[in-house]
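1. Give the three-dimensional model of this entry:
(one chain, ligands or ions: 2)
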Amino acid sequence: MTAVTAPLAAEEETASTTPGNLRNLTPVPAKDVTIDDDFWTPRIAANGKEAIPHQYRMLVETGRIDNFRAAAAKARGEEAEFKGLWFNDSDVYKWIEAASYLLGRGESPKLKAQVDDTIAAIAAAPPADGYLNTFYQIRHPDKIWTCLNMGHELYCAGHLIQAAVAHFQATGERSLLDVARKFADLICSTFGEGKRRGAPGHECIEMGLVDLYRLTGEKRYLEMAEYFVLERGKKPYIFENEVHPEGMSQHRFEPDYFQAQAPFPEQKEAVGHSVRALYLYAGAADVYAETGNPALWPALDAIWESLYLRRAHITGGLGSVAGIEGFGNDYELPNETAYNESCAAVAGIMWNWRMLQLEGDPRYCSAMERTVYNAFLAGISLDGKRYFYRNPLASNGEHERKEWYGCACCPSNLSRMLASLGNLPYSTSDEGIWIHLYMSGTVKTKYADLKIESEFPWKGIITITVTPKTDEEFSIFLKQPIMTRETLSGINGKEQSIFDSVPIEGYGKIRRKWKKGDWIETHLDLPLALIRANPLVNGNFGRVAAQRGPVVYCMEETDNPCPDGMIDYFAVRKRPRVKQEYIPSLLGGVMKITVDGTYPDMEKWPGGLYERATHSPQKKSLILIPYYAWNNRGPGSMQVWIRDTL
Ligand code: FUB
Ligand code: ZN
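-> Numbers count the residues shown, from 1 in each chain. Ligands and ions are numbered 1, 2, ... in the order given. Presented below is the predicted three-dimensional model:
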């Protein structure tokens, strides 16, 4: 996820502004943000110390970086072998993007050398026209651009561009940017009206091209992104007669798998493969932000509602149908078989963050917050060394994070988001500063520097100290985090409600002339809420999920031993007593919840298959931990939606 900066200032670049910019909010880039937070800092540190170095070793070991060297060898007429899946180049690019965010924050000679070496291998691979995809270069040079539905050439190009922009912004070096621009230029001269018709079977390039436009001010990148968004669903069906080259999946999916069932402006529902879909929606939001094309907004709005009102898990997990790794029908949200790919959680954050910048609508912030604290964080182990690909909401104990996958799209996606987390919490607008998420640390904006102190999400006391840079009035907007209740707030110690007059979970606004040292303090209550799903969600009727602030909880077998991994034996009692206890030594420090529950006493079961419902259940205290922290103590069963009585 690349931050937006002013256009590139080099002689040959057109340093224009973006007059079509519809965004009311401007994100504050991570470089102006520090995070020094008990909850987030250990995760960010594990990402830098463990995850990113581990991923590099895996990229080397599995031949992903060598594929670039092999492509260069092939161009020299030497024997060359492509290793792995046909879209593996993208894993290398996402890793460079993640590593670049670290380089942007400080010196790390070893990491710098690894990034430089990798970029050197990449830069040596493309032929004179700038085309870059090692699978095609090595295995199928005669089939370039012939299989857009499965080929992933434009998907890999999108990740290349995002990595290149991040690398340039972090280091000021053009080594990867030049490669990406050359390829982007080739794409612009290949596709479009009066050229080759096409669109990516796996979206991503749309976001990349808009990032490149924002960096360079070159309009053709924006126009290319807009073309790809608009072309995909037009008739005749764009992928109709494509032949899948040997070495990639030969499966033929229906058009909606690729979000190509209708032209984008006519689309109303989130459909198909979830990562593809979310990347498209994020890219379309970018294009809308920059062009103001009115045809895009109704689709973005309707699709968002279909997704977040009817097709998303309570964790923010997206894509519940296994076979297509994507969306099914409304309310089709199975728990154990849920797909919820980690990449889809990352993409969900990206999309909501983009929608949020358009108008500051708090519902996008709430969706982002829900995903950040649950579906996203669950993707990576607390030590940063293992990753989930699929994120179900119930498990019989067979589901575990792994160090790597043959299809390893998720690890570096999680890492690039964690490494650039500072892009998420703040924006500015003509009116002032917006705080979307609460992480202790500092932020520099044109209006003021802020210091944020909080122990969120465990405690609800948030203090913001203001050092203004202007004598003029400006506002500070504070998002009320989901599932919180304001108990007491004040400015400079004088009581003043912040969220009283705004819709639930909206933005409270404080407008005044600020003086150095002014401080805002808000006390939020974080009660444990037992949530019901819409009764149409098959399987969740008669169940509740526990949520405290944005953090969704689950029962894990380790804390709730159960016969045969049957954690589903346990039920929450009506109006249970609730104990909340912060345990620093548990799972990196969590608020542990204990609630009254029951379970059927099997020893008293008379033995038949069916019996009169007379025997009463046993009492038991149920222990709940945050969903994101499950499977960090070995395998075991897990359940988010708990029976609400027996
Ligand atoms: O196809 C590229 C990526 O790998 C997708 O986004 C994931 O679902 C996985 O298939
Ligand atoms: Zn993935």
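2. ok, stretch 206-213 near ligand 1 or not?
-> No: Stretch 206-213 does not reach ligand 1 (CB under 6 Å from any ligand atom); its nearest approach is 13.4 Å. In short, each C-beta sits where N, CA and C put it, glycine included.
3. Can you tell me the element Val229 falls in?
-> Per DSSP states H and E, Val229 falls inside helix 219-231.
4. which is the next helix or strand following that helix?
-> The element immediately downstream of helix 219-231 (helix or strand, assigned by DSSP H and E) is strand 272-273.
5. ok, that next one: who's next to it in the sheet?
-> Based on DSSP bridges, the pairing partners of strand 272-273 within the sheet are strand 326-327 (antiparallel).
6. Could you point out the helix or strand that follows the partner strand?
-> Using DSSP H and E, the helix or strand that directly follows strand 326-327 along the chain is helix 342-359.
7. Check which residues of stretch 551-571 are buried.
-> Of the residues in stretch 551-571, those buried by neighbour count under the rule 16 or more other CB atoms under 10 Å are 551-560, 562, 565, 567-571.
8. Just the ones of the residues you listed in strands?
-> If you go by DSSP state E, the buried residues of stretch 551-571 have 551-556, 571 in strands.
9. For ligand 2, state which of those is nearest.
-> Ligand 2 lies nearest to Val552 out of those, by CB to the ion, at 20.7 Å.
10. Would you quantify the distance from the closest one to Pro411?
-> With the distance defined as CB to CB, to the nearest Å, Val552 ends up 23 Å from Pro411.
11. And for Phe388?
-> The separation that Phe388 has from Pro411, given CB to CB, amounts to 10 Å.
12. Return every residue with contacts to both of those two.
-> Applying CB atoms under 8 Å, 6 or more residues apart in numbering, one finds that Phe388 and Pro411 are jointly contacted by Ile380.
13. OK, contacts around the closest residue to ligand 1 within the stretch 1-150 of the chain?
-> Distances from the stretch 1-150 of the chain to ligand 1, computed as CB to the nearest ligand atom, single out Phe87 as the nearest residue at 5.0 Å. Applying CB under 8 Å, 6+ apart, we find Phe87 in contact with 135, 152, 155-156, 202, 409.
14. Tell me what the closest residue to His273 other than its chain neighbours is bridged to.
-> When the adjacent residues along the chain are set aside, His273 lies closest to Gly326, with 4.3 Å between them (CB to CB, 6 or more residues apart in numbering). Here Gly326 shows beta-bridge partners His273, Val321, assigned using DSSP bridges.
15. burial measure for Gly326, as a count.
-> Per other CB atoms under 10 Å, the neighbour tally for Gly326 reads 27.
16. Ala73 now?
-> 17.
17. Please identify which helix or strand holds it.
-> Remark: Ala73 resides in helix 66-75, with elements defined by DSSP H and E.
18. ok, then the element right after the host helix or strand of Ala157?
-> Using DSSP H and E, Ala157 falls within helix 153-171. Using DSSP H and E, the helix or strand that directly follows helix 153-171 along the chain is helix 175-190.
19. Which positions in the stretch 401-550 of the chain make contact with ligand 2?
-> 409-410 (CB under 5 Å from the ion).
20. what's the spacing between Phe376 and Leu85?
-> Taking CB to CB as the measure, Phe376 falls 24 Å from Leu85.
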